[in-house]
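Colleague: Show me how the following folds:
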Amino acid sequence: MQEDLSSLVVALSKSGDFEDAATRTLASLMLRTERTIAASKFAGHGRVLRGMVHLRPSGGYLRLAILEQGATAVQSAGSAGPRGAPSLVSATAWRSVVQHACPVFIDVTLGTLRPYSPQSPNKIEELLPGSFSSQESRQSFLSRQASHVCVIPLRTLGSGIGGMISLEADSPTAMGQDFVWRECVEQLQTIAEIAAPYLTGLPFRPAPQVEVDEFLPVVGSSMANLLPILNVFAQQEESILISGATGAGKSRLARWVHARSSRRKGPFEVLDLIAVPEDLQMAELFGWKKGAFTGAVKDSPGSIGRAEGGTLFIDEIDKLSLKAQAGLLRVLEERSYRVLGDGVGDRGADVRFIIGTNVDLREAVRAGRFREDLYYRINVLPLRVPSLDERRDEIPLWSNYMVNRRHKEQFPQGQARLTPEAEQALSRRTWPGNLRQLDNIIRRAYTLALVEHGATPELTLADGHIARALEYEVGTSEAGEKASHSLTEAFRAAATAFIAEAKRRGTPLDLGLAESLVGMVLGQAVQQMGREEAFRLLGRENLLKNRNHHKVLKRELEKVEALYKELGESASPFGTLLAEDEAA
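Modeller: Purely as a prediction, here's the structure:
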């Protein structure tokens, strides 16, 4: 064993990316399990099928690597193996791994799940409450001939859980037993702990080119890395939880998933809870019979009924009342529900659920606003959609798509475009409202361009149109200007944009460049009201008394120039001010 571990450490140190490290790790784990089987009473009656690395920090899945028995390299997440779509580990197993920080043994045939206690390795633990709460998970495993599964936590620095490793085996004769997991689990844990820094720290291989479609007409580098995972999710029947800021595109992703699922020929229904009063949520979900309540003048099938045979996307799930949460939980667990006012009995729910939220549901659970059992029931396949500020490479692409979509409503054969300067003006902005906010700006700029140039098949939006459209984002009054978002929100958006730019470049972006924010604030204030008034307004009147304000302004503006130069953008908007200081 020691020699094997030494070889693994050497091999991992040579790994250049996550996929290579995952291949080496899973191969080592599967080999150790095979040797244990060969030396056990299950020799000849058990075999390892596959191993998977699930990289899923708190925000959702980031990567999934699958190594089938006999393969020499892991599959990409979006490619199907010899038996079709991979079966992902159940939400109950993930919950146990996170809560107990220990391995979990699953007997798929019986639908039971046991945690392994390192402190009492020979003790037969109690079955976890609920065991397999999902029939979909169990059927998915069985369809891939997996009768026994071992799930090992993947620890990050600071003892957090950043994911898990699952090993699937086939041994029908071991039904009701822990197979060989108990005999080799500590060795498997050791391998996982050695590999964890590489699996959680190495970069991913570049994602393959993703074909755009009507649901995702624009795919940047960040989304290209997530779509293979989402493609795997689409082939499952389990619930998907899509989190992300309002306007980031959760509904588009839900439609994208539906179009790639086995239910694509069925309906796609949307229930946006922000538009449903709390006292009508149960009715909107389950439907009602005529006379069930005041105002029920005719029968209604409800969202679940309308989505029969297809997909139901429930957005803003945090707005669901506790009473309605209990009803939804029953649907998810029992696949049945009752229409309000219907005394006939329950109806089956042949529906795939996709859930959307823009809040931290774990915090809502801690605050008592969201049921913990429902949270774990919908958090089976989680994915976080990056904000638009984290996908800055998509801003010019989305802008041109949006303006062309609107233009072709009038001129189907026409063409509208943005100038490079207009694209840069949009790319320099932060977008707290995400795609929704960008679309509003493009609509406004498009109207301004029509006013200036008239309705013509070929239309160009210049930076002037964008600048005027952006002015409407600020509410004005006689007292002056007031930003539509708080200063702290704007600063957080700027920080997010800075980090996103560093990720996009793939090379370090010096944190010192963030100091240019001071120069931008000071430069804009000087342009608006003159030097002396600007320094007084910003609490630097002492510099005026000492006549040091020229030197300070020059120093801060040079930081702005350094930022623009580092980003390869045109000269900063304060070049004239800087030239004046140098001339003086």
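Colleague: Stretch 461-468: how far from the chain's middle?
Modeller: Mean C-alpha position of stretch 461-468 versus that of the full chain (Cα atoms, centre = their mean, to the nearest Å) differs by 32 Å.
Colleague: swap in stretch 141-150?
Modeller: 28 Å.
Colleague: tell me the mean pLDDT for that stretch?
Modeller: Mean pLDDT, stretch 141-150: 86.
Colleague: Could you list the buried residues of it?
Modeller: By neighbour count with 16 or more other Cβ atoms under 10 Å, stretch 141-150 contains the buried residues 141, 144, 146-150. Yep, even glycine has a C-beta here, placed from its N, CA and C like the rest.
Colleague: a markdown table for the residues you listed, including secondary structure and distance to Asn404?
Modeller: Output for the buried residues of stretch 141-150, formatted as a markdown table (DSSP: H, G, I helix; E, B strand; the rest coil; distance: Cβ to Cβ, whole Å):
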| residue | secondary structure | distance to Asn404 |
| --- | --- | --- |
| Phe141 | helix | 46 |
| Arg144 | coil | 44 |
| Ala146 | coil | 48 |
| Ser147 | coil | 53 |
| His148 | strand | 54 |
| Val149 | strand | 48 |
| Cys150 | strand | 52 |
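Colleague: out of those residues, which one sits closest to Lys250?
Modeller: Of all those, Phe141 has the smallest distance to Lys250: 28.6 Å, by Cβ to Cβ.
Colleague: Just list the residues touching the closest one, thanks.
Modeller: With Cβ atoms under 8 Å, 6 or more residues apart in numbering as the criterion, the residues that contact Phe141 are 87, 106, 108, 147, 149, 168.
Colleague: Confirm for me that the third one is in contact with Ser140.
Modeller: No. At 9.4 Å, Val108 and Ser140 do not qualify as touching, with contact defined as Cβ atoms under 8 Å.
Colleague: So between those two, which is more surrounded?
Modeller: Val108 (26 against 23; other Cβ atoms under 10 Å).
Colleague: so what's Thr460 bridging to?
Modeller: On the basis of DSSP bridges, Thr460 is bridged to Arg417.
Colleague: quick revisit: which of the contacts of Phe141 sit farthest apart?
Modeller: Farthest apart among the contacts of Phe141 by Cβ to Cβ are Ser87 and Ser147. That separation is 12.2 Å.
Colleague: Point out the other helices and strands that the helix or strand where Glu34 lies packs with.
Modeller: Using DSSP states H and E, Glu34 falls within helix 18-38. Helix 18-38 is packed against helix 2-13, strand 47-55, strand 63-68, strand 161-170, helix 181-201, with contacts defined by 3 or more Cβ pairs under 8 Å, 6 or more residues apart in numbering; DSSP states H and E.
Colleague: Tell me which other helices or strands the helix or strand following the last one touches.
Modeller: Meaning helix 181-201. Counting by DSSP H and E, the next helix or strand C-terminal to helix 181-201 is helix 221-234. In terms of contacts (3+ Cβ pairs under 8 Å, 6+ apart), helix 221-234 is packed against strand 63-68, helix 250-259, strand 381-384.
Colleague: at 7 Å instead, please
Modeller: For helix 221-234, the packing partners by 3 or more Cβ pairs under 7 Å, 6 or more residues apart in numbering; DSSP states H and E come out as helix 250-259, strand 381-384.
Colleague: Of those, which is nearest Thr25?
Modeller: Among those, the nearest to Thr25 by Cβ to Cβ is strand 381-384 (22.6 Å).
Colleague: ok, back up a step: want to try CSV for the helices and strands packed on helix 18-38, with mean pLDDT, distance to Leu459 and mean neighbour count as columns?
Modeller: Formatted as CSV, the helices and strands packed on helix 18-38 follow (pLDDT from 0 to 100; distance: least, Cβ to Cβ, whole Å; neighbours: other Cβ atoms under 10 Å):
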stretch, mean pLDDT, distance to Leu459, mean neighbour count
helix 2-13, 88, 55, 13
strand 47-55, 93, 45, 23
strand 63-68, 90, 42, 23
strand 161-170, 92, 48, 24
helix 181-201, 93, 48, 19
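Colleague: how about these in a markdown table, adding distance to Arg468?
Modeller: Shown next, in a markdown table, are the helices and strands packed on helix 18-38 (distance: least, Cβ to Cβ, whole Å):
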| stretch | distance to Arg468 |
| --- | --- |
| helix 2-13 | 56 |
| strand 47-55 | 45 |
| strand 63-68 | 43 |
| strand 161-170 | 46 |
| helix 181-201 | 46 |
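Colleague: Go through those and name the closest to Phe215.
Modeller: Closest to Phe215 of these is strand 63-68 (Cβ to Cβ; 21.6 Å).
Colleague: how close does Ala195 get to Val74?
Modeller: For Ala195, the distance to Val74 (Cβ to Cβ, to the nearest Å) stands at 13 Å.
Colleague: Asp315 too?
Modeller: Distance, Asp315 to Val74, by Cβ to Cβ: 34 Å.
Colleague: More neighbours: these two, which one.
Modeller: Val74 (26 against 21).
Colleague: Would you check that the more buried one makes contact with Thr23?
Modeller: Yes. Using Cβ atoms under 7 Å, Val74 makes contact with Thr23 at a distance of 4.9 Å.
Colleague: Give the intersection of the neighbour lists for the two.
Modeller: Leu67 (Cβ atoms under 7 Å, 6 or more residues apart in numbering).
Colleague: so which of the helices and strands packed on helix 221-234 gets nearest Ala11?
Modeller: Of all the helices and strands packed on helix 221-234, strand 381-384 sits nearest to Ala11, with 30.7 Å by Cβ to Cβ.
Colleague: what's the closest one packed up against?
Modeller: Strand 381-384 sits against helix 221-234, strand 240-243, with contacts defined as 3+ Cβ pairs under 7 Å, 6+ apart.
Colleague: Distance from the chain centre to that strand, please.
Modeller: Centroid displacement of strand 381-384 relative to its chain, using Cα atoms, centre = their mean, is 5 Å.
Colleague: where's Ala396, which helix or strand?
Modeller: Slight slip there: residue 396 is Pro, not Ala. Using DSSP H and E, Pro396 falls within helix 395-407.
Colleague: Just the buried residues of that helix, please?
Modeller: For helix 395-407, the neighbour count (16+ other Cβ under 10 Å) marks 395-404, 406-407 as buried.
Colleague: Ala500 belongs to a strand?
Modeller: No. Under DSSP: H, G, I helix; E, B strand; the rest coil, Ala500 falls outside any strand and is assigned helix.
Colleague: Spit out the contact partners of it.
Modeller: Going by Cβ under 7 Å, 6+ apart, Ala500 touches 389-390, 392.
Colleague: And those, which is closest to Lys265?
Modeller: Relative to Lys265, the closest of those is Glu390; by Cβ to Cβ it sits at 34.2 Å.
Colleague: wait, doesn't that closest one sit right on Ser222?
Modeller: Yes. The criterion here is Cβ under 7 Å, and Glu390 meets it with Ser222 at 6.1 Å.
Colleague: Please say which of these two ends up with more neighbours.
Modeller: Legend: neighbour count by other Cβ under 10 Å for Glu390 and Ser222, higher for Glu390 (23 against 19).
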